[in-house]
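A.B. asks: return a 3D structure for these sequence lines:
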Amino acid sequence: MAKLLNTSEIKACDASVKNKWNDAWPQKVVTVQLRQDNVDIKIGDHIKKIDVPGKAVCELCHDVINYGQKGVTSLLEYLFSASLVKVDSQAIFDEVDKFFTKHEIPWENLMSILMDSCNVMRGSKTGFETRVRESRAGHLLDIDGDSCHHIHNASKYFCRQFDRHVEGLHTTIFNDFKWSVDLRDMLKEICLILNIKYTMPDNMVLKALTSLDPTVKYHSKCATLLRKLPELVTNVLIDDKTDGYNAEVIKYHVDKALPATEKADGSRVRCDHYWAAVDKIKYPSLCKMVKALLSCFHGPQVESSFSNMGYTMDSKSNRMDIRTFSAIETVRYGQKATGKKSAAEIYEKGDVLHDIVDSTLCRKMRFAAKRHREAMEEEANAREEKRRRLDVAKSVVKSKKAHKEEEAKRASRSLKKHRENILRKLVERRKGKAKKARK
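C.D. replies: Numbers count the residues shown, from 1 in each chain. Reported below is the predicted structural model:
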């Protein structure tokens, strides 16, 4: 157990501490109001230094106080702090009530409480402030400085009526500029040059795409947003006239013979399934635009393709051609679309001997094999043509055994040559010594 130190031992104990114990700290006085009088309490009356660097102990509750970082401020704050094992409104109220009773502080002196706006502190039924107001201090002023939580709660209540559409829009805009760092930096630079304030722009493309939802086809904003699509996506209706597209939008907006937006069981029809049922002869330009927009590759499929690459390509197939990998992934995504796990399940036959052979599958397999042979022959001819043009002899691939035998022979010749050099140097050295001896 730590022991109390005297003045001579304190300096050696706190040699490595940032804020060392000062002999003036125990004499520091804290003023506390008890009843109608102000009472001065010395820190040294309750807090003593122990033989641990940067630590002191309270003689009343035997808690250890760390003063190494904040110095005497830690000691002053400790006189008005309490540690709780279970933190709820009742435990906090009991601890504060105990403090007021212990120091004989009348509750009439408490005018207001400033705290966080969480339910534990400001709950209307069992919060700490409610307990104090009901049982101890009914005269409390209603003062709350936690404006951040109030703004959050007000915004949440306001947006609740829009079924999370407001939150979804802001989340989408945030993600666009979070992952498009180059776009955000370019926009900031333009705003800096023009001397205007930089703010997150509104994504008009995402707003216009909401008009493709079948449930808003008769909404007043639907036709307006659909007419803006050719201006935002300029690479779809290149040869088509915009006037014809606008006429189709108006006709679509008032057409009462459009496909249903709900199924028989009450569930909503998928957006792509709905537009697949729309009359393409009646709305050619509109369907062309919608098809281009709905075919945009989105969602987690992009990231999952990189994950699938780890399953397909490993250390043994790290030189796989991109066309081969693309073919494998096409087959894999086709299996996912059918909901079956293997090609055997997709083309399974009930009776192997008597069921009709799938002629289309056989024709595609023969065609794929033919294309593969032709591609291999073209690559081989291209390599031969390049070797002939560069006048490079065709290299003969050796086996591992032949390489090992060649390496062994090379090492044997090198060792033999090394021994001959050593022997020659020894002979020359002896001849030199013999000549010196004769002289």
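
A.B. asks: quick check: K48 is in a strand.
C.D. replies: Yes. Under DSSP: H, G, I helix; E, B strand; the rest coil, K48 sits within a strand.

A.B. asks: dig out what it forms beta bridges with.
C.D. replies: Beta-bridge partners for K48, by DSSP bridges, are V57.

A.B. asks: touching stretch 89-100 from outside, list them.
C.D. replies: 82, 84-85, 105-107, 120-121, 123, 126-128, 130-132, 136 (C-beta atoms under 8 Å, 6 or more residues apart in numbering). Heads up, the C-betas are built off the backbone N, CA and C, glycines and all.

A.B. asks: distance between the ends of stretch 117-127?
C.D. replies: 10 Å (C-alpha to C-alpha, to the nearest Å).

A.B. asks: now it: buried residues?
C.D. replies: S117, V120, M121, R122, G127 (16 or more other C-beta atoms under 10 Å).

A.B. asks: what pLDDT, on average, does the top helix by length along the chain get?
C.D. replies: When the chain is parsed with DSSP state H, its longest helix is helix 400-438. Averaged over helix 400-438, pLDDT sits at 86.

A.B. asks: likewise stretch 271-281?
C.D. replies: Rounded mean pLDDT across stretch 271-281 is 84.

A.B. asks: what about stretch 374-391, average pLDDT?
C.D. replies: For stretch 374-391, the mean per-residue pLDDT is 86.

A.B. asks: buried residues in it?
C.D. replies: For stretch 374-391, burial by neighbour count (16+ other C-beta under 10 Å) applies to no residue.

A.B. asks: could you check how far it is from the centre of its chain?
C.D. replies: Mean-position distance between stretch 374-391 and its chain equals 48 Å (C-alpha atoms, centre = their mean, to the nearest Å).

A.B. asks: and the buried residues of stretch 117-127, which is closest to D185?
C.D. replies: Proximity of those to D185 (C-beta to C-beta) peaks at S117, which lies at 36.9 Å.

A.B. asks: any idea whether that closest one is helix, strand or coil?
C.D. replies: Following three-state DSSP, we place S117 in the coil state.

A.B. asks: give me the phi and psi angles of it.
C.D. replies: phi -90, psi 20 (degrees, to the nearest 10).

A.B. asks: could you double-check that it sits in contact with I151?
C.D. replies: No. S117 is not in contact with I151 according to C-beta atoms under 8 Å; the separation is 10.5 Å.

A.B. asks: tell me the one of the buried residues of stretch 117-127 nearest R387?
C.D. replies: S117 (78.7 Å).

A.B. asks: quick one: that closest one and E231, what's the gap?
C.D. replies: 46 Å (C-beta to C-beta, to the nearest Å).

A.B. asks: and the helices in the stretch 251-400 of the chain?
C.D. replies: All helices of the stretch 251-400 of the chain, identified by DSSP state H, counting those that start in this stretch, fall at 271-277, 284-294, 301-312, 322-338, 343-346, 359-389, 400-438.

A.B. asks: which one of those lies closest to H165?
C.D. replies: Closest among the helices of the stretch 251-400 of the chain, using C-beta to C-beta: helix 271-277, at 16.0 Å.

A.B. asks: helices or strands next to that closest one in the packing?
C.D. replies: Applying 3 or more C-beta pairs under 8 Å, 6 or more residues apart in numbering; DSSP states H and E, one finds that helix 271-277 contacts helix 284-294.

A.B. asks: next, the buried residues of the helix it packs on.
C.D. replies: Neighbour-count burial for helix 284-294 flags S285, L286, C287, M289, V290, L293 (criterion: 16+ other C-beta under 10 Å).

A.B. asks: nearest to A15, of the helices of the stretch 251-400 of the chain?
C.D. replies: helix 301-312 (55.2 Å).

A.B. asks: which residue is the nearest non-sequential neighbour of W25?
C.D. replies: V72 (5.1 Å; C-beta to C-beta, 6 or more residues apart in numbering).

A.B. asks: whoops, I mixed them up, V331
C.D. replies: A343 (7.5 Å).

A.B. asks: wait, that neighbour sits on G334?
C.D. replies: No. Shown here, A343 and G334 do not form a contact pair, counting by C-beta under 8 Å, at 9.2 Å.

A.B. asks: tell me how far L232 lies from M289.
C.D. replies: 10 Å.

A.B. asks: okay, and the common contacts of those two?
C.D. replies: With C-beta under 8 Å, 6+ apart as the test, L232 and M289 reach no residue in common.

A.B. asks: give the contact list for Q27.
C.D. replies: The contact partners of Q27, by C-beta under 8 Å, 6+ apart, come to K42, I43, G44.

A.B. asks: that one in helix, strand or coil?
C.D. replies: Three-state call for Q27 (three-state DSSP): coil.

A.B. asks: what backbone torsions are found at it?
C.D. replies: Here is the backbone geometry of Q27 (degrees, to the nearest 10): phi -90, psi -10.

A.B. asks: any idea how far it is from E377?
C.D. replies: From Q27 to E377 the distance is 99 Å (C-beta to C-beta).
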